[in-house]
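In: could you work out the structure for the sequence below:
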Amino acid sequence: MAKITIHGYSESFLINWSVNVYNSKSSVLLGKVSCNSSISIDAEEGDTLYFKSKFRKTSLVVAKDVTDVFLQIDRFNGALNAFGTNKENLLMTKQFVDGKSSHAKLKVYLLFLIIILIILLLVLFSK
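Out: Below you'll find the model as predicted:
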């Protein structure tokens, strides 16, 4: 048995649901992780971890050297994603998960800017 740290998603919503963590062997609740929190669980190589939220779910097969699992919610399609990593790649994975949420914010801002520009063009050319 190895200790695996489950890191909750960092995206914030109007309601932040907690994510239940299950193991495929026992189907027993191993713990709950919420937004910007983490828990430690025991798991073996080859175990399948199931993550279930109110409306989302995903799974992850534990590889040989996985020590940390990061959860992320895709802002565009609402999918719950799980990324497994080891201690050597921990910093890079944190930057990847955090970067995905910042890219989503950038896309929303760009879309908003484009809509404003279209409205301004319509107003200017309608005179």
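In: when you work out contacts or count neighbours from here on, use the C-alpha atoms and nothing else.
Out: Fine.
In: give the contact list for residue 43.
Out: Counting by C-alpha atoms under 8 Å, 6 or more residues apart in numbering, residue 43 makes contact with 1, 2, 3, 4, 23, 62.
In: what is the burial count for the last one?
Out: Which is residue 62. Residues contacting residue 62 under the criterion other C-alpha atoms under 10 Å number 20.
In: hang on, it packs against residue 50?
Out: No: using C-alpha atoms under 8 Å as the test, residue 62 is too far from residue 50 to be in contact (10.7 Å).
In: show me the strands in this structure, by range?
Out: Taking DSSP state E, the strands of the chain run over residues 2-7, 19-23, 29-33, 38-43, 48-52, 57-61, 68-73, 80-85.
In: out of those, nearest to residue 123?
Out: strand 68-73 (37.6 Å; C-alpha to C-alpha).
In: residues contacting that closest one, please?
Out: Against strand 68-73 from outside (C-alpha under 8 Å, 6+ apart): 4-11, 79-87, 90, 94, 97.
In: can you list the strands that that strand pairs with?
Out: The strands beside strand 68-73 in its sheet (DSSP bridges) come out as strand 2-7 (parallel), strand 80-85 (antiparallel).
In: centre-most residue in this protein?
Out: residue 72 (0.4 Å; C-alpha atoms, centre = their mean).
In: for that one, which residues count as its bridge partners?
Out: Under the criterion used here (DSSP bridges), residue 72 is bridged to residue 81.
In: start at 56 instead
Out: Yep, numbering from 56; the last one is residue 127 now.
In: before we move on, the earlier item: list buried residues within the contacts of strand 123-128.
Out: Among the contacts of strand 123-128, those buried by neighbour count (16 or more other C-alpha atoms under 10 Å) are 59-66, 135-141, 145, 152.
In: measure residue 114 to residue 170 for me?
Out: 37 Å (C-alpha to C-alpha, to the nearest Å).
In: between those two, who's got more neighbours?
Out: The residue with more neighbours, out of residue 114 and residue 170, is residue 114; 18 against 12, by other C-alpha under 10 Å.
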